[in-house]
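Trainee: Show me how the following folds:
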Amino acid sequence: MLFLLLPLLAALFPGGDSNEPVSLHVMWTSYFHNHSWVHVGSGWLGELQTHRWNRSSGTVIYLYPWSRGNFSNKELVDVERLFQLYFNEHQDFYIYELMFKAGCDLHSGKGFINFLHVAIGGYDFLSFQNETWSPSPNSGRKAQKACKLLTLDQDNTYRLHRILSDTCPRFTLGLLDAGKAHLQRQVKSEAWLSSGPSPGPGRLLLVCHVSGFYPKPVWVMWMRGEQGQLGTQRGDILPNADGTWYLRATLDVAAGEVAGLACRVKHSSLGGQDLVLYWAPQKSLGWIFLAVIVALALLTVFCIHISCLSLLPKALPFFLIFIFFSLFLLL
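Mentor: Numbers count the residues shown, from 1 in each chain. This is a model prediction of the structure:
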C-alpha cells in the first residue's frame with residue numbers, strides 16, 4: 001500500500017516535477033552554552049518548515065494544522081520522546097557543538113532513501129544509512145572508533161533504522177496527504193522594475209523584482225523582443241515571511257541600448273500568460289521645469305513689449321522661487 005501511493009502523493013508536492021525528490025528532514029543542533037546544553041531543532045518538508053522544537057518545554061511545535069500528518073497523538077508523543085531520549089544522552093559528551101541532519105527522500109520510481117549525517121564543530125563526522133555507520137572522509141580515527149562503538153549497540157541501530165525506514169516515510173506521506181491543499185496552492189507574483197547602482201560610465205543596471213509567488217519554480221529573463229538577454233543575472237530565490245518567494249534578475253546594459261528591453265516572468269500561477277514589464281526610463285522632471293522656465297521667460301519678454309512690465313514686481317518673488325526650485329531638480 002505504501003509504494004502504491006508513492007506516484008500519487010509525489011505529484012502533490014509543490015513544483016510538479018516528478019524527477020525532484022520529496023524530502024522530509026530534521027535539522028538539529030546541540031551546543032554547550034553557559035554550563036548547560038541548548039537544543040535547537042526544526043523539521044522541513046522540502047524547503048517548507050513544518051515543525052520547530054520548543055527548547056523550554058522540550059516538545060515539538062506544529063507550525064501548520066496539517067503538520068501532524070495522519071499520525072495519532074500517541075504516535076506523535078512516542079516520536080517526541082525518542083527525540084528527548086536521543087539528544088539528552090549527548091549531555092555527558094565532552095562536545096561543544098553537535099549537529100544532526102536526518103530524514104528520508106522520496107524519489108520517483110525509487111521509493112524512499114533514508115539518511116542521517118552527524119557533524120561536530122561544523123565538520124562532517126559520520127553518517128548512518130542502510131543500517132550501517134560510516135565515518136566521513138577525512139574525519140580521522142575518532143570517527144572510525146565511534147562507528148565501531150555505535151555498531152556494537154544493535155538495539156539502538158535497529159531502532160534508528162526503523163525510524164528512518166518506516167516512521168519517516170509514513171509520516172512524509174501523511175504530511176503530503178494532509179497538507180495537499182496548502183502545498184498545491186497557487187499564489188500570483190507581483191513584479192516591478194528599478195535601476196541599481198551604476199556598473200560604470202554610460203551603463204545602467206536594470207533590476208526586475210518578482211515577489212510573492214508560490215510554488216517556488218519560476219522563470220525570469222530580460223528580453224529584447226523574443227530574444228532572451230544572455231547577460232541576465234538571477235539572484236537566489238529567497239523566502240518571504242508569508243511562505244512565498246522573492247527573486248530579482250539584473251541586466252548590465254549600455255545606457256543607449258535600453259529601448260525595447262522588457263522583463264518576462266513565467267510561473268504556474270499565471271495560467272500560461274507571461275507577465276511582461278517593459279523598461280520605460282523616467283523622464284527627468286528637471287527638463288519639464290526647464291521648459292516651463294523658458295516659457296515664462298518668453299512671457300516676460302512678451303509682457304515688456306505690451307507694456308505689462310508694472311506687474312512684474314509683484315510676481316518677481318514667486319518667479320525667482322520657481323526658478324530656484326527648477327534648477328535644484330535639474331541638478
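Trainee: I'd like the next helix or strand past the host helix or strand of residue 149.
Mentor: Counting by DSSP states H and E, the element that carries residue 149 is helix 140-152. The element immediately downstream of helix 140-152 (helix or strand, assigned by DSSP H and E) is helix 154-162.
Trainee: May I see the buried residues of the next helix or strand after that next one?
Mentor: Helices and strands here follow DSSP H and E; after helix 154-162, the next one along the chain is helix 168-178. Along helix 168-178, these residues count as buried under the neighbour rule (16 or more other Cβ atoms under 10 Å): 168-178. Bear in mind the C-beta positions are built from the backbone N, C-alpha and C, glycine included.
Trainee: Name every strand pairing with the helix or strand hosting residue 41 and say which way it goes.
Mentor: In this structure, residue 41 sits in strand 36-45 according to DSSP H and E. According to DSSP bridges, strand 36-45 forms sheet pairs with strand 22-33 (antiparallel), strand 48-54 (antiparallel).
Trainee: what's the shortest one in contact with?
Mentor: Strand 48-54 is contacted from outside by 14, 26, 28, 39-44, 59-64, 67, 83, 175, 179, 183, 243, using Cβ atoms under 8 Å, 6 or more residues apart in numbering.
Trainee: can you do 6 Å?
Mentor: With contacts defined as Cβ atoms under 6 Å, 6 or more residues apart in numbering, strand 48-54 is touched by 41-43, 60-61, 63, 67.
Trainee: Return the distance of whichever helix or strand comes after that strand from the chain's centre.
Mentor: Next along the chain after strand 48-54, taking DSSP H and E as the criterion, comes strand 59-62. The chain centroid and the centroid of strand 59-62 are separated by 23 Å under Cα atoms, centre = their mean, to the nearest Å.
Trainee: Strand 59-62 - contacts with which helices or strands?
Mentor: When contacts are defined as 3 or more Cβ pairs under 6 Å, 6 or more residues apart in numbering; DSSP states H and E, strand 59-62 sits against strand 48-54.
Trainee: hang on, residue 220 is in a strand, isn't it?
Mentor: Yes - Residue 220 forms part of a strand when assessed by DSSP: H, G, I helix; E, B strand; the rest coil.
Trainee: Check whether it really touches residue 249, as I assumed.
Mentor: Yes - contact status for residue 220 versus residue 249: in contact at 4.4 Å, counting by Cβ atoms under 6 Å.
Trainee: ok so, going back, residue 261: which of the strands paired with strand 36-45 is closest?
Mentor: Distance to residue 261, taken as Cβ to Cβ, is lowest for strand 48-54 among the strands paired with strand 36-45, at 34.7 Å.
Trainee: Can you list the low-confidence ranges for the stretch 101-250 of the chain?
Mentor: Screening the stretch 101-250 of the chain residue by residue with the criterion pLDDT under 70, one finds the ranges 109.
Trainee: ok, back up a step: name the residues that touch the helix holding residue 149?
Mentor: By Cβ under 6 Å, 6+ apart, the residues outside helix 140-152 that reach it are 125-126, 133, 135.
Trainee: send the alpha carbons of it over as PDB?
Mentor: As requested, the backbone C-alpha atoms of helix 140-152 are provided in PDB (Å, rounded to 0.1, in the frame of the first residue of the first chain):
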ATOM      1  CA  GLY A 140      40.000  10.700  11.400                       C
ATOM      2  CA  ARG A 141      40.300   7.800  13.900                       C
ATOM      3  CA  LYS A 142      37.800   9.200  16.300                       C
ATOM      4  CA  ALA A 143      35.000   8.800  13.800                       C
ATOM      5  CA  GLN A 144      36.100   5.300  13.000                       C
ATOM      6  CA  LYS A 145      36.100   4.400  16.700                       C
ATOM      7  CA  ALA A 146      32.700   6.000  17.200                       C
ATOM      8  CA  CYS A 147      31.300   4.000  14.300                       C
ATOM      9  CA  LYS A 148      32.600   0.700  15.800                       C
ATOM     10  CA  LEU A 149      31.100   1.500  19.200                       C
ATOM     11  CA  LEU A 150      27.700   2.500  17.600                       C
ATOM     12  CA  THR A 151      27.600  -0.700  15.500                       C
ATOM     13  CA  LEU A 152      28.000  -2.800  18.600                       C
END
